[in-house]
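Q: Just to be clear, the model below is a prediction. Sequence and coordinates:
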Amino acid sequence: MIGIGYTASKKVGGAVVRNRAKRRLREAARRLLPLHGQAGVDYVLVARPATAEASWAGLLDDLQNALIRLRADLAAPKKRQPGARPPLKTQTSTESD
């Protein structure tokens, strides 16, 4: 199952504009998540100020590209982030003697 959430802050615009942006995101997700989403992953789509007025084709293209990139990132083997600490070693009872 794919989880999905939508959000639009007041920076996007007034209530009418925010609701329009979220409606557009819902429809875009309805069309694209079955094709490009990954089961077991929860997605949160964040409306930006241009979301309400962006061309429909552009919005679909942007979301599709984001979903494809995210799927590739999730499929790639985990790499340690630069500056991240290595995992802690745990001592077994024989090592502490």
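A: Happy to help now that I have it. Residues are numbered from 1 along each chain as shown.
Q: so what's Arg23 scoring on pLDDT?
A: For Arg23, the pLDDT comes out at 97.
Q: Give me the neighbour count for it.
A: Neighbourhood size, Arg23 [other CB atoms under 10 Å]: 13. All C-beta atoms are positioned from the backbone trio N, CA, C, and that covers glycine.
Q: partners of the host helix or strand of Val44 in the sheet?
A: Element membership for Val44, per DSSP states H and E: strand 42-46. If you go by DSSP bridges, strand 42-46 pairs up with strand 3-7 (parallel).
Q: List the buried residues for the partner strand?
A: Tyr6 (16 or more other CB atoms under 10 Å).
Q: returning to that earlier point: so which bits of the strand holding Val44 are buried?
A: Tyr43, Leu45.
Q: need the next SSE after it, C-terminal direction.
A: Of the helices and strands lying after strand 42-46 in sequence (DSSP H and E), the nearest is helix 56-75.
Q: now for that following helix, which elements pack on it?
A: Judged by 3 or more CB pairs under 8 Å, 6 or more residues apart in numbering; DSSP states H and E, helix 56-75 is in contact with helix 15-36.
Q: Just the CA coordinates for the helix it packs on, please, in CSV.
A: In CSV, the C-alpha atoms belonging to helix 15-36 read as follows (Å, rounded to 0.1, in the frame of the first residue of the first chain):
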residue,chain,number,x,y,z
ALA,A,15,-7.1,29.3,1.4
VAL,A,16,-8.6,29.1,-2.1
VAL,A,17,-5.1,29.0,-3.7
ARG,A,18,-3.8,26.4,-1.2
ASN,A,19,-6.9,24.2,-1.8
ARG,A,20,-6.5,24.4,-5.5
ALA,A,21,-2.8,23.5,-5.3
LYS,A,22,-3.6,20.5,-3.1
ARG,A,23,-6.4,19.4,-5.5
ARG,A,24,-4.0,19.5,-8.4
LEU,A,25,-1.4,17.5,-6.4
ARG,A,26,-4.1,14.9,-5.5
GLU,A,27,-5.1,14.4,-9.1
ALA,A,28,-1.4,14.2,-10.3
ALA,A,29,-0.7,11.6,-7.6
ARG,A,30,-3.8,9.7,-8.5
ARG,A,31,-2.5,9.4,-12.0
LEU,A,32,1.2,8.8,-11.4
LEU,A,33,1.6,6.9,-8.1
PRO,A,34,0.2,3.6,-9.5
LEU,A,35,2.8,3.8,-12.3
HIS,A,36,5.8,5.2,-10.5
